[in-house]
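Enquirer: Sequence first, predicted model second:
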Amino acid sequence: MEQKNANTRFSTKLRVRYSETDKMGFCYYGNYAQYFEVARVEALRELGIVYKNLEENGILLPVTDFKISYKQAAKYDDVLEIRTVISKLEGTRITFQYEVFN
């Protein structure tokens, strides 16, 4: 991946499924890690990079840091837009940032 892709923005939409909510209908907080993983893979795909091919070639992208601040709850059947930014490319490290809108 070339440096020119830093700060490139991507958008992925996901719908909150019933099984992802608690008894109050709110999206369970732990699901956001999975949502971000979907957005990360789709962002790479838009760049022409298929994650499966990376792994087949011995290239792995482990998550080494995860921090999230919740501003508003997502609820059952909300369509979430996950905006992904590749904010930093340093050697073998890629930093992704995410914003979620409902």
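Expert: Looks like it arrived, so ask away.

Enquirer: what residues does the longest helix belonging to the chain touch?
Expert: Counting residues, the longest helix found in the chain (DSSP state H) is helix 31-46. Contacts of helix 31-46 with the rest of the structure, by Cβ atoms under 8 Å, 6 or more residues apart in numbering, involve 8, 10, 12, 14, 16, 20, 50-51, 54, 61, 63, 66, 68, 80, 82, 84, 86, 96, 98, 100. (Glycine included, C-beta is placed from N, CA and C.)

Enquirer: What strands line up against whatever helix or strand Ser87 lives in, and which way round?
Expert: Mapping Ser87 onto the secondary structure by DSSP states H and E places it in strand 79-90. Listed by DSSP bridges, the sheet partners of strand 79-90 and their directions read strand 8-15 (antiparallel), strand 93-101 (antiparallel).

Enquirer: Now those strands in a markdown table, please, with extra columns for distance to Ala43 and mean neighbour count.
Expert: What follows is these, written out as a markdown table (distance: least, Cβ to Cβ, whole Å; neighbours: other Cβ atoms under 10 Å):
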| stretch | distance to Ala43 | mean neighbour count |
| --- | --- | --- |
| strand 8-15 | 4 | 15 |
| strand 93-101 | 7 | 15 |
